[in-house]
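Novice: Fold the following, please.
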Amino acid sequence: MSTMSARFCRRPALAAYRLGWTSAARRRRPGWHLPVRPRPIVGESAHGYLVRVADGCGLESPSALWRALERHGRGTARGLRWSLRLHSEEWLRLRGPLPSYCRIPLDSPGLVDKDDLCHSTMRWCPTCLQESLHLRSAWTVKLVCACVRHQIYLAEDCPQCRQGQPLERSELAHCKCGFDLRRVIPCALTEHVALVQRCINGAVESNAADESFGLTAQQWLKALRTLAKVSASDGSRSTGQAANLHRLPNAVALASEMGTLLSDWPAGLFSHLSIVQSSAARAFSIQRTFGRFYKWLYVDLRAPCFQFLRDGFEAYLHEHWWGLVNERNRRLESSSRREHPRHSVKDLAERTGAAPSVIRQLHLGGWIDGDIVQLPSGREAWSMPAAAAVAVESCVKDGINLQEAAAILGIGKRRVRELAVANVIKPRVTARRGGSAWLLSRSEVTGLAQRCLQARSDTAADGDATVPLMHVLKAWRLVAGEFPLLVSAILAGEVRVAGQPSAEITLGGLSLTVSSARLWRARRQESDREWLSVEAASRVLHVKQEVGYQLVRCGLLESSTRGSDRRRQVHRSAIDLFSTRYVALSEIAQARDRSPRDILKNIKTLPVCGPTVDGVRQYFFLRKGIID
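Specialist: Have a look, this model is predicted:
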């Protein structure tokens, strides 16, 4: 009788005879076996192999095949092997899950049958099916979503009817709608997905750890399943297993995310951690900053095989973490805690011998790097890089106080303080009440006189009269803040200096040409006459002093901070501009010979300021809005 497939035979009795279902056939063939017995292919899926066997025998599905085996007492692993005439080597070729109704545990090295393998959904590589019509066992692994041999994504839905393909089927090549599954148009892999899929496929096929990161297939799947739980930003996956990992879109998303972390190791991990750190609230708690990712590394993946991930994380902390790493971070390696390059202010003070207050002032002045975080308790936590120790030692070694600076410059301590306040000499530490004393740079103080000599615009003529700078300080009655302006004028070349640079000369010993010094002071005094204090400006405007300050605060009267004391001053042009733009209610009332209350009650123009507008004690209006 012909060996053509029984499913093309429309006579059920004939198909039953071919499978030995009839009693006559059983009597004739006591050593009953399946009439069509294809050989397993290396790496073939066990369920897919049963589909091929059922298809060859003309049955509609592997379940029909299994019922026939059970009917003949062959519903066991030994009976299946005997019916297919499979020797031990061929039986070991089969991988992946058998149908649940078979109740035969098939060896899947390194994988958990229930958690890691697909039992109902068929996935395939169209190019592989064109080469050989059998399902590969790697395709049954849930988080395998690509064929690394052809560098394309697997398929799981028919493009014609948009339906998923079950493993329980009559044939492998066609969907129920008739579409040839080998004609699915493949999509090329991305670089990140290809990286992860190469590792997983290699581990599945070799039943050993991959060469790149040293993880077995089960370890790779555990890492991906855990990543699926911690990657949900809304917290919806805080516990339990992530659902639908057998669906290709979810597997692709996880592989892409993992590939982003592992690409160009450890640069990809560093890039991800930098984004997490910059988006988190500024804190010195590693667990609070990195949240789920920290738990993923140290709790969910605490097995030794994932140590390379923790090593990469701790390497990032070593280079980019702004906080402290100490014995409180018990989950980190002891070497990472011991060698972390950041210190507290107390530790840095012990290393350098400087006072903690000096170190804080140096950081606030911009001389050393550091980070400050406001703790929930309201206290401030400080963190300094190890390199700051060198800067602190340099600043302290080069530092001098006001008395030493006065001796070097040849002027009084009060004059040195004026220069420091005006930033002519940049102080390393500014004295504060109840805090640190002044700390100046010896090299900067020593070089100030030489800078004054080198910055002159021209050399004084032989006949020019000169005057020592110390005499100017004693006899010219300089006002507060005028001395730093004089030194700045000398550095700018506006005031000429006589003599040549010398190592012995001090700032107080500089000789100034009388003509240039007097000309500079006359210009400055002329300029100062154009600027008035807020009190003087109020008298010019015929308003009370309090009203003048209120006009300055609300911006109607323009002002600037001038001088070393940074006091508010008003230029005469600003006073003229204010008088041109605005008019007081009292002035309007006087011009109309009426009371201010009556004018305010009947005037249609709104005031720009006043008691009912912004709290200014006097009403003012725009002049152009007043109709005579």
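Novice: Return the list of helices and strands in contact with the helix or strand where residue 194 lies.
Specialist: Assigned by DSSP states H and E, residue 194 falls within helix 191-206. Secondary-structure packing of helix 191-206 (3 or more C-beta pairs under 8 Å, 6 or more residues apart in numbering; DSSP states H and E): strand 146-147, helix 217-230, helix 248-262. Just so you know, the C-beta spots here come from the backbone N, C-alpha and C atoms, and that holds for glycine as well.
Novice: Relative to residue 156, which of these is closest?
Specialist: Closest to residue 156 of the helices and strands packed on helix 191-206, according to C-beta to C-beta: helix 248-262, at 5.1 Å.
Novice: Quick check: buried residues in whichever helix or strand comes after the closest one?
Specialist: With elements assigned by DSSP H and E, the helix or strand that comes after helix 248-262 is helix 267-279. Using 16 or more other C-beta atoms under 10 Å as the test for burial, helix 267-279 gives 268, 269, 270, 273, 277.
Novice: Which other helices and strands does helix 267-279 contact?
Specialist: helix 248-262, helix 286-295, helix 307-320.
Novice: which one of the ones you listed is the most hemmed in?
Specialist: helix 248-262 (a mean of 20; mean count of other C-beta atoms under 10 Å).
Novice: that older thread, and of the helices and strands packed on helix 267-279, who's closest to residue 597?
Specialist: helix 286-295 (62.3 Å).
Novice: That closest one - contacts with which helices or strands?
Specialist: Packing partners of helix 286-295 (3+ C-beta pairs under 8 Å, 6+ apart): helix 217-230, helix 267-279.
Novice: any idea how far residue 546 lies from residue 574?
Specialist: Separation of residue 546 from residue 574 (C-beta to C-beta, to the nearest Å): 19 Å.
Novice: weakest of the helices and strands packed on helix 191-206 by average pLDDT?
Specialist: Ranked by mean pLDDT, the helices and strands packed on helix 191-206 bottom out at helix 217-230, with a mean of 84.
Novice: What's the end-to-end length of stretch 186-196?
Specialist: End-to-end distance for stretch 186-196: 19 Å, by C-alpha to C-alpha, to the nearest Å.
Novice: where does the stretch 401-550 of the chain dip in pLDDT?
Specialist: For the stretch 401-550 of the chain, applying pLDDT under 70 flags the ranges 433-436, 455-463, 499-503, 528.
Novice: Residues touching the helix or strand hosting residue 512, excluding its own?
Specialist: Assigned by DSSP H and E, residue 512 falls within strand 511-513. The contact list for strand 511-513 (C-beta atoms under 8 Å, 6 or more residues apart in numbering) reads 460, 464-469, 472, 490, 495-499.
Novice: Among those, list the two that are farthest apart in space.
Specialist: Pairwise distances among the contacts of strand 511-513 were taken by C-beta to C-beta; the largest, 16.8 Å, belongs to 465 and 490.
Novice: and these two? which has more neighbours close in?
Specialist: For residue 465 versus residue 490, neighbours defined as other C-beta atoms under 10 Å are more numerous around residue 490 (26 against 11).
Novice: can you pull the contacts of residue 226?
Specialist: By C-beta under 8 Å, 6+ apart, the neighbours of residue 226 are 296, 300, 301.
Novice: between these, which is closest to residue 354?
Specialist: For the contacts of residue 226, the nearest to residue 354 is residue 296 (41.0 Å; C-beta to C-beta).
Novice: Next, count neighbours for that closest one.
Specialist: Counted with other C-beta under 10 Å, residue 296 comes out at 20.
Novice: Tell me where the stretch 1-150 of the chain has helices.
Specialist: Assigned by DSSP state H, counting those that start in this stretch, the stretch 1-150 of the chain shows helices spanning 12-18, 23-28, 46-56, 62-71, 77-84, 88-93, 113-116, 126-131.
Novice: And for the stretch 451-600 of the chain?
Specialist: 469-475, 482-492, 514-529, 534-540, 545-553, 572-581, 585-592, 596-602.
Novice: who's in contact with the fifth one?
Specialist: It refers to helix 545-553. For helix 545-553, the surrounding residues in contact (C-beta under 8 Å, 6+ apart) are 534-535, 537-538, 541, 543, 557, 559, 568, 570, 578, 609, 615-618, 620.
Novice: residues in contact with the closest residue to residue 145 other than its chain neighbours?
Specialist: Nearest non-adjacent residue to residue 145, counting by C-beta to C-beta, 6 or more residues apart in numbering: residue 251, 4.0 Å away. Going by C-beta under 8 Å, 6+ apart, residue 251 touches 142, 143, 144, 145, 245.
Novice: my read: the fourth one touches residue 256, true?
Specialist: No - taking C-beta atoms under 8 Å as the contact criterion, residue 145 and residue 256 are not neighbours in contact, 9.7 Å apart.
Novice: overlap in contacts of those two?
Specialist: Shared contacts of residue 145 and residue 256, defined by C-beta under 8 Å, 6+ apart, are found at residue 193.
Novice: hmm, back to that, please spell out the PyMOL selection for the buried subset of the contacts of helix 545-553.
Specialist: Burial among the contacts of helix 545-553 is assessed by 16+ other C-beta under 10 Å; the matching PyMOL selection reads:
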select buried, resi 534+537+538+541+543+557+559+570+578+609+616+618+620
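Novice: Understood, closing this out.
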